[in-house]
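A.B. asks: Build the 3D model from these lines:
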Amino acid sequence: MTVTILITRPEPEARRMAVEVQALCDAVAVVISPVMRIAYDGVLPEMSGEEVLIFTSRHGVEGFCRLSARRDFTCYAVGDATAEAAEAQGMRAISAGGDAEALLARIAAEGGHGPFVHLRGAHVAADIAGALRAAGHMARDAVVYDQVESALSAEAQALLGGAEPVILPLMSPRTARIVLGQAGPITAPLYIAAISRKVADNVPEGVAQRVDIAETPDLPGMLALVQHQVQMAKRLEGGKRPQ
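C.D. replies: Below you'll find the model as predicted:
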């Protein structure tokens, strides 16, 4: 029996995650099949320098930095990896250490006033600027990259239509919809590692043998869940085979 971890994140995150997974999990196969590619584009609004920037991904940081040479902004980042990306570009970043809800809570707790600008992709799971405006802040967003849908590879299709267990980490609701929409009939014992409840809610009932949600909505939380699911799959699927 072979347990395969199917990684569908965009590059270069997919290969970074593959390295982390292989370091944690023994005797597994890893297949990379991105279902989105990042296309950097967009136009920034005029900025006075008083704005507080909001980043919810490394791609937002990269997209902004491709469009502007300014680095004298304070910014909030959804998590540590995004904050590190912003700081590597010379900006002062405050990490919320979680998801969109944690980000909004951190801004509220610190009494942030803005004006805020959310540098985002064309597809988002949460309307950060809208939530800030609803809380009485000046806030707008700017699309600085797109997540263009890509086809699931033939290898990935064969895995999902096979008989060996597959671990599928899903990092966003849109990724879940794309992967499961392209997959066709799934016959493999499928273990889905969802980064959040919103992601899990986009998995149709009966598609997966298990759908588990990471304890923390970040890469470390996902890696811990994948490691647990690998152990579970080996135990459960191995037990079904004749000794």
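
A.B. asks: Contacts only, for the closest residue to Leu152 other than its chain neighbours.
C.D. replies: In space, and not counting its chain neighbours, Leu152 is closest to Gln182: 4.4 Å by CB to CB, 6 or more residues apart in numbering. Placement of C-beta: from N, CA and C, glycine included. Contacts here follow CB atoms under 8 Å, 6 or more residues apart in numbering; on that basis Gln182 touches Val35, Ala151, Leu152, Gln157.

A.B. asks: Outline the domain layout of the chain.
C.D. replies: For the chain, the structural domains run 3-35+150-239, 38-147, going by automatic domain parsing.

A.B. asks: could those be laid out in TSV, adding mean pLDDT?
C.D. replies: Shown next, in TSV, are the domains of the chain (pLDDT from 0 to 100):
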stretch	mean pLDDT
domain 3-35+150-239	94
domain 38-147	93
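
A.B. asks: Next up, the contacts around the residue sitting nearest the centre point of the chain.
C.D. replies: Closest residue to the average C-alpha location of the chain: Met171 at 3.5 Å, with CA atoms, centre = their mean. Applying CB under 8 Å, 6+ apart to Met171 gives the contacts Arg9, Ile195, Val199, Met222.

A.B. asks: Give me the distance between the first one and Ala18.
C.D. replies: Just to be clear, that refers to Arg9. 9 Å (CB to CB, to the nearest Å).

A.B. asks: between these two, which one's more packed in?
C.D. replies: Counted by other CB atoms under 10 Å, Arg9 and Ala18 do not tie: Arg9 has more neighbours, with 22 against 16.

A.B. asks: Do I have it right that Ala108 meets His137?
C.D. replies: No. With contact defined as CB atoms under 8 Å, Ala108 does not count as touching His137 (9.5 Å).

A.B. asks: any chance you could map the helices in the chain?
C.D. replies: Listed in chain order, the helices of the chain (DSSP state H) span 13-24, 58-67, 80-88, 100-109, 128-134, 154-160, 173-182, 197-200, 219-239.

A.B. asks: Identify each buried residue in stretch 150-159, please.
C.D. replies: Buried residues in stretch 150-159, defined by neighbour count with 16 or more other CB atoms under 10 Å: Leu152, Ser153, Ala156, Gln157, Leu159.

A.B. asks: now do stretch 29-48
C.D. replies: For stretch 29-48, the neighbour count (16+ other CB under 10 Å) marks Val30, Val31, Ile32, Ser33, Pro34, Val35, Met36, Ile38, Gly42 as buried.

A.B. asks: Any idea how far apart the tips of it sit?
C.D. replies: Using CA to CA, to the nearest Å, one end of stretch 29-48 lies 50 Å from the other.

A.B. asks: With stretch 111-125 instead?
C.D. replies: Distance across stretch 111-125, first residue to last, is 24 Å (CA to CA).
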